[in-house]
Each structure stands twice: as C-alpha cells, then as structure tokens.
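Colleague: Here's my sequence, what's the structure:
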Amino acid sequence: MPPAASVSAASARLLLPRPSLAGGIFAGVARDTRASMLSDDQRFNHYPATPMSMVSLIFEGTLHMVEEQGDGVPPTLGPPLPSLVLSGPQRRPVSSWSPGPVHALSVAFYPEALGSLIGIDAERLVGRVLPLEGAVTGPLLAAFQTLLGMETDVAAFHRLEDLLEPLWSDSRPHGNGRAPLMADWLRSLAVRAALSGAGRGVRQAQRRIKGWTGLSRRELQLFARVEEVAVHAARNREAGTLDLAALANDLGFSDQSHMGREVRRLTGLSPGKLTDLMATHESFWLYRLLGGSFG
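Modeller: The predicted structure is shown next:
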C-alpha cells in the first residue's frame, strides 16, 4: 500500500441527539467518501476502544472489519459487513476498510440503553461485531431497515430519533454543540448503581455496573481518564500550547509515560503519534471529528 497521505475532503459529521434522547443515544457519526478520491491506505477507518454499543447503517458501498494488521504486510480482512451491523463495547481499538466509496451512519448508544431496547445484555456483546438481523427481530428490525431508504444520513438519524422518542425520556442537555462526556455518564451510572436494588454496598454497585455495561467500573474509569486527556489536549492544541509532559502532570499521571500507556491501551498509539496521524492521515478522521468537538 502507498505511504500515509494527507487529509482529504471526505465528509464526516457528528450528530448529537435531541435532549429527550440523551439517556439513550450517545451520538451519531456519518461518513461519506463518495465525492473523494481516496487511496487504498486512506480507506481505512480507525476507531478507539469504546464502552458504547453501536448500530451502523451502510447506505452505499462495502466495509470489511480488519481482523489482523501489521507493519509491512497486507491486512487480513473479514467478510463484507451487512447493511445493518450491531457492535458491542470494545476493549481494544478496531479498524475497518472499504474497497471503494462508502456512505454510512453509526449511532452509538449507551450500552445499558441499547441492551434494554433490544433485550440483549451488554456483557454478551463485548468485543463482538455481528449482523443486526438475527440479534434484533420484528418491528424494531423493520424500523432500522426503513432507515436504509432515507435520502440522507441526517434524515435517517432524525427518523431514528422519532422512532425512539416514545422509549426514552431524559432532560439532560448536551450543551454547546459538543459531544457528551463519558465521565458524566460514569458518574450517573455510579449514582444509579448505588441507589438501585436491595443491596447498596460497593460490591453490589460494581456488579450492577458490570451487568448494565458489560465492563467493570475500573475499565470504564480508564475510558473517562483517557477522555480527559483528549479533551485537554484538544483545547491546548487549539490554543497552540500543547505540552504532553505538562499535560500528564496537570491530569495527575505519574509521568508522561504513564499517560502514554493509558492512551495506547485504547487507541493503540502514543499521544504524540496519534496527534501526528490525526493531523496528516485521512483514516484517522473519527479522532479528528471527536477532537474538534472536544476543542
């Protein structure tokens, strides 16, 4: 494959849900490369590990999950993904690749919300990517299938909101047009876990969180911690004052290496390398999109 190329003009859009759905939908991400001339290397899509569950709609084109990828060797690709894909929380970064132009919408749900909606515990979905058909049946599957016929990804997202409106009610605003923060969700989970059920000890609360999300509270705290790094790095970069060593100190890491190890666990890359690729490589478009929202 050719060497990494500069960022192109492929379209990527962050879609935030209406406030009444803030307790169910984390955010939507639309991607459209149909108007761009991308090289093979630019058609990769790199995603960080995430505690969120996701439903993806592929309107046009083909996507493959990357099953194995190493330096200097062609990647091993999985079979083509179906038009509707369900993925659970991911403990490790993942990648996909498209052999040509693609237009897709991914909607990230809080795992406990999607689990309640489709009747599958989040713990059963951790690390999995599978066809939505089979996991979801009946009217709910039919509703998702109708979204594939919408004219635009924004129209599909808004139609999904209309379909889900009767199922959730949450008045927490997102504010300022920025992505919601995982740290806020984790605090909310901790409060709900402490006040739910008969047992209110620490162990009972931790078990409830694991049951709702599929991940331990310690794992979730790692996501919140790395998110804090991303938020501060984006703001400092925007101000032209990014100093990774100072950032590590300000955020309470033992040193810059400690911060780097935490970031690498969720992204596969050091903060410095990730920053460089965000600035220069098309395939890190999602990191740029989220970084712009944090900024």
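Colleague: Now do the strands in this structure.
Modeller: Counting by DSSP state E, the chain has these strands, from start to end: 11-15, 25-32, 44-47, 53-60, 64-70, 73-80, 84-87, 94-97, 103-109, 129-131.
Colleague: Now do the buried residues in the fourth one.
Modeller: Judged by neighbour count (16 or more other CB atoms under 10 Å), strand 53-60 contains these buried residues: Ser53, Met54, Val55, Ser56, Leu57, Ile58, Phe59. C-betas here are computed from N, CA, C, even on glycine.
Colleague: One more: the third one?
Modeller: By neighbour count, and taking 16+ other CB under 10 Å as the criterion, the buried residues in strand 44-47 are Phe44, Asn45, His46, Tyr47.
Colleague: Adjacent strands (with direction) for that strand?
Modeller: Applying DSSP bridges, strand 44-47 is found paired with strand 94-97 (antiparallel).
Colleague: what bridges to the residue nearest the centre of the chain?
Modeller: With distances taken as CA atoms, centre = their mean, the residue of the chain nearest its centroid is Thr50 (5.5 Å). Beta-bridge partners of Thr50, counted by DSSP bridges, are Gln90.
Colleague: again with the one 4 residues further on
Modeller: Counting by DSSP bridges, Met54 forms beta bridges with Ser87, Ala108.
Colleague: Isn't it up against Val107?
Modeller: Yes - in this structure, Met54 sits in contact with Val107. The criterion is CB atoms under 8 Å, and the distance is 6.6 Å.
Colleague: So what's the residue count around Arg159?
Modeller: The criterion is other CB atoms under 10 Å. On that basis, Arg159 has 15 neighbouring residues.
Colleague: what's it in contact with, if anything?
Modeller: For Arg159, the contacting residues are Thr146, Leu147, Met150, taking CB atoms under 8 Å, 6 or more residues apart in numbering as the criterion.
Colleague: May I ask which two of the buried residues of strand 44-47 are separated the most?
Modeller: Of all pairs drawn from those, the one with the longest distance (CB to CB) is Phe44 and Tyr47, at 10.2 Å.
Colleague: which regions of the stretch 51-200 of the chain sit below the pLDDT cut-off?
Modeller: Under the criterion pLDDT under 70, the flagged ranges of the stretch 51-200 of the chain are 72, 169-179, 197-200.
Colleague: let's see 50
Modeller: Of all residues in the stretch 51-200 of the chain, those with pLDDT under 50 make up the ranges 171-176.
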